[in-house]
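*Asks:* Got a predicted structure here, sequence first:
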Amino acid sequence: QVQLVESGGGLVQAGASLRLSCAASGDTFSRYAGGWFRQAPGKEREFVAAISWGGSPYYADSVKGRFAISRDNAKKTVYLQMNSLKPEDTAVYYCAAVTTYSSGNYYSQENQYNYWGQGTQVTVSS
C-alpha cells in the first residue's frame, strides 16, 4: 500500500515556475511508476507526465519542453517542475502511482494507476 500527498501548488503569474512534490509513504517506492494528471474546472482529468521507476520520463504534448518530471527514490518523492506556466495550466494536479515490474514502464492512462493523492491547486493568472 502506498499513500500519496501532493504539495507545492499555489497562485502564480503567467511565465512563472512552480515545483510540485508527491511524497509517498507506507511501502517502498522504488518499484512504482509515477504520474501526474490535472483537472481544470469543467473538464476531464488529463495526463500530464509520467516516470518509470528507472527514471524514464514521458510527457503530454501540451507540457513538453516546459515541465519536467523526476523522482528521488530515497526520499520516496516524485517531482513536477513546471516552467513558463500559462493560464491554461490552471487545474488541480494529482499524482498517481502503480506497481510495475519493469524499470522502463510508464503509464499515461488514469485506469493504469491504483494509488492517487488528494490533489493540489495550481492557478496561473494572466
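*Replies:* Done, it's in.
*Asks:* Please point out which parts of stretch 11-22 sit buried.
*Replies:* 12, 18, 20-22 (16 or more other C-beta atoms under 10 Å). Bear in mind the C-beta positions are built from the backbone N, C-alpha and C, glycine included.
*Asks:* For those residues, please prepare CSV with the additional fields distance to C95 and pLDDT.
*Replies:* Compiled in CSV, the buried residues of stretch 11-22 are given as follows (distance: C-beta to C-beta, whole Å; pLDDT from 0 to 100):
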residue, distance to C95, pLDDT
V12, 19, 98
L18, 14, 98
L20, 8, 98
S21, 9, 98
C22, 3, 96
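*Asks:* For those residues, which two are the farthest from each other?
*Replies:* V12 and C22 (18.8 Å; C-beta to C-beta).
*Asks:* Now do the contacts for the spatially most central residue of the chain.
*Replies:* Nearest to the mean C-alpha position of the chain, counting by C-alpha atoms, centre = their mean, stands W36 at 2.4 Å. Taking C-beta atoms under 8 Å, 6 or more residues apart in numbering as the criterion, W36 is in contact with 20, 22, 48-50, 69, 78, 80, 93-96.
*Asks:* just checking, which of those residues belong to strands?
*Replies:* Of these, the ones assigned to strands by DSSP state E are 20, 22, 48-50, 69, 78, 80, 93-96.
*Asks:* how far away is Y107 from D61?
*Replies:* To D61, Y107 is 17 Å away according to C-beta to C-beta, to the nearest Å.
*Asks:* quick one: V2 and Y115 touch, right?
*Replies:* Yes. Here V2 reaches Y115: they are 4.6 Å apart, a contact under C-beta atoms under 8 Å.
*Asks:* Need the residues touching each of the two.
*Replies:* By C-beta under 8 Å, 6+ apart, the residues touching both V2 and Y115 are 32, 97.
*Asks:* hey, where'd the strands end up in this structure?
*Replies:* 3-7, 10-13, 18-25, 32-39, 46-51, 57-59, 67-72, 77-82, 91-99, 115-116, 120-125.
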